[in-house]
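**Student:** quick one: sequence plus predicted model below, questions after.
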Amino acid sequence: MAIEKMSLAKALNESLRKALETDPKVLIMGEDVGKLGGVFRITDGLQKDFGEERVIDTPLAESGIVGTAIGLALRGYRPVVEIQFDGFVFPAYDQIVTQLAKMHARALGKIKMPVVIRIPYAGGIGAVEHHSESPEALFAHVPGLKVVSPSNASDAYWMLQQAILSNDPVIFFEPKRRYWDKGEVDVEAIPEALHASRVAREGSDITLAAYGPMVKVCLEAAAAAAEEGKSVEVVDLRSMSPVDFDGIQASVEKTRRLVVVHEAPVFLGVGSEIAARITERCFYHLEAPVLRVGGFHAPYPPARLEDEYLPGLDRVLDAVDRSLAY
């Protein structure tokens, strides 16, 4: 084994480097990804080592960036697009939804669309609203797109490479407030399937299901609940489309209770679909309604108020207590 300790951001950088080394058809495109190395330095040093024809600084035009990536994919390349912040993706939403997501089906499977769109998302860094949002449900709703989010350095390293290898378009959401969290990465491991969930902590009384930035919060909540004698299982979903409902079901059939946690607003969020499906699948196993914890159905607030807006330890533990009280 070759285990290295690195931040989530460094793991993404090493993953991109590995992909560039392995396949000459892999390209990186985005605003300031070259000389600057990206706003969060995820692509730091890559243009210097692989050249301006493979790590490409683009104009400030997200629709043009994604449209160009679609054209490159049609010509056999595997473009990796960086969107600087979550809220900047919407000028490209038309390209993503009406072209990128549909071309494979439109061509009766004859055309592949191996495009990865990396999007730093969610809050916790004291930024304004279009730098802190969680729009994953808007993409997970669209047939033809795969939507994933790592919660730790190891998953960041492996999931990004798996996304680049995929012949389907993948929206790769990166939890920006976790960029500096460090973890062990086995660069010689056999990774789990890209869309499989993972039990991050075993438990027997209740299941917390989360993805991206909220997995760490749920693990902290499970540790706090353990001090009161409550055994909380934490499932890292990893993928929002497709969702590993089998993995969630297996956990819920054991614990008989479920709370779904995400930063995005609860209303029509990923948690809504999970709550509905698990209620359908596990109705006779459940001892309490499936509960959801998330952001409020309101525009993202000013930075000084984001701690009140974001789901934190207290709100997750409150949901755990309410579920166990049934």
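**Tutor:** Received it, and whenever you're ready, just let me know what you need. Numbering: from 1, shown residues only.

**Student:** neighbours of the closest residue to Asp44 other than its chain neighbours, how many?
**Tutor:** Closest residue to Asp44 in three dimensions, ignoring its sequence neighbours and counting by CB to CB, 6 or more residues apart in numbering: Gly37, at 3.3 Å. Heads up, the C-betas are built off the backbone N, CA and C, glycines and all. A count of nearby residues for Gly37, using other CB atoms under 10 Å, gives 18.

**Student:** any idea which element Gly37 lies in?
**Tutor:** For Gly37, there is no host helix or strand (DSSP states H and E).

**Student:** contacts only, for it.
**Tutor:** Residues in contact with Gly37 (CB atoms under 8 Å, 6 or more residues apart in numbering) are Thr43, Asp44, Gly45, Leu46, Gln47.

**Student:** what's it sitting at in phi/psi?
**Tutor:** Dihedral pair for Gly37: phi 90, psi 20, per degrees, to the nearest 10.

**Student:** where's it relative to Pro191, distance?
**Tutor:** Gly37 sits 25 Å away from Pro191, taking CB to CB, to the nearest Å as the criterion.

**Student:** same question for Pro302.
**Tutor:** Distance from Pro302 to Pro191, by CB to CB: 39 Å.

**Student:** those two - which one has more neighbours?
**Tutor:** Remark: of Pro302 and Pro191, Pro191 carries more neighbours, 14 against 10, as counted by other CB under 10 Å.

**Student:** which pLDDT value belongs to that one?
**Tutor:** The model reports Pro191 with a pLDDT of 93.

**Student:** what of Glu129?
**Tutor:** 86.

**Student:** which strand is the longest one in the chain?
**Tutor:** strand 258-265 (DSSP state E).

**Student:** that one pairs with which strands?
**Tutor:** Paired neighbours of strand 258-265 in the sheet (DSSP bridges): strand 206-210 (parallel), strand 291-295 (parallel).

**Student:** contacts for the last one next, please.
**Tutor:** Outside strand 291-295, the residues that touch it by CB under 8 Å, 6+ apart are 134, 258-266, 269, 271-272, 275, 309-311, 315-316, 319, 322-323.

**Student:** swap in 7 Å and give it another go.
**Tutor:** In this structure, residues lying in contact with strand 291-295 by CB atoms under 7 Å, 6 or more residues apart in numbering are 134, 259-266, 269, 271, 275, 309-311, 315-316, 319, 322-323.

**Student:** ditto for stretch 145-159
**Tutor:** By CB under 7 Å, 6+ apart, stretch 145-159 touches 6-8, 11-12, 14-15, 101, 136, 139-140, 163, 166, 168-173, 175, 178, 182-187, 191, 194, 211-212, 215-216, 236, 238-241.

**Student:** in stretch 266-281, which residues are buried?
**Tutor:** By 16 or more other CB atoms under 10 Å, the buried positions in stretch 266-281 come out as Val266, Gly269, Val270, Gly271, Ser272, Glu273, Ile274, Ala275, Ile278, Arg281.

**Student:** convert it to CSV, retaining C-alpha atoms only.
**Tutor:** The C-alpha trace of stretch 266-281 is given here as CSV (Å, rounded to 0.1, in the frame of the first residue of the first chain):
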residue,chain,number,x,y,z
VAL,A,266,-35.1,20.9,2.5
PHE,A,267,-37.9,21.8,0.1
LEU,A,268,-37.6,19.6,-3.0
GLY,A,269,-34.0,18.6,-2.1
VAL,A,270,-32.3,15.3,-2.5
GLY,A,271,-33.5,14.3,0.9
SER,A,272,-37.1,14.5,-0.3
GLU,A,273,-36.5,11.8,-2.9
ILE,A,274,-34.7,9.6,-0.4
ALA,A,275,-37.4,10.1,2.2
ALA,A,276,-40.1,9.1,-0.3
ARG,A,277,-38.2,6.1,-1.7
ILE,A,278,-37.2,4.7,1.7
THR,A,279,-40.7,5.1,3.0
GLU,A,280,-41.9,3.1,0.0
ARG,A,281,-39.3,0.4,0.5
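
**Student:** what does it contact?
**Tutor:** Contacts with stretch 266-281, where a contact means CB under 7 Å, 6+ apart, come from 136-137, 140, 209, 240, 243, 245, 248-249, 252, 258, 260, 262, 264, 286, 290, 292, 294, 297.

**Student:** swap the cut-off to 6 Å and go again
**Tutor:** For stretch 266-281, contacts defined as CB atoms under 6 Å, 6 or more residues apart in numbering pick out 137, 240, 245, 248-249, 252, 258, 260, 262, 290, 292, 294, 297.

**Student:** PyMOL command for the buried members of these?
**Tutor:** Selection of buried members from the contacts of stretch 266-281 for PyMOL, criterion 16+ other CB under 10 Å:
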select buried, resi 137+240+245+248+249+252+258+260+262+290+292+294
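
**Student:** would you map the helices across the protein?
**Tutor:** Applying DSSP state H to the chain gives helices spanning 8-22, 46-50, 62-74, 93-94, 103-106, 136-140, 153-165, 214-226, 245-255, 270-282, 306-309, 313-324.

**Student:** quick one on the thing from earlier: rebuild the strands paired with strand 258-265 as JSON lines, extending it with distance to Leu74.
**Tutor:** Formatted as JSON lines, those follow (distance: least, CB to CB, whole Å):
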{"stretch": "strand 206-210", "distance to Leu74": "36"}
{"stretch": "strand 291-295", "distance to Leu74": "37"}
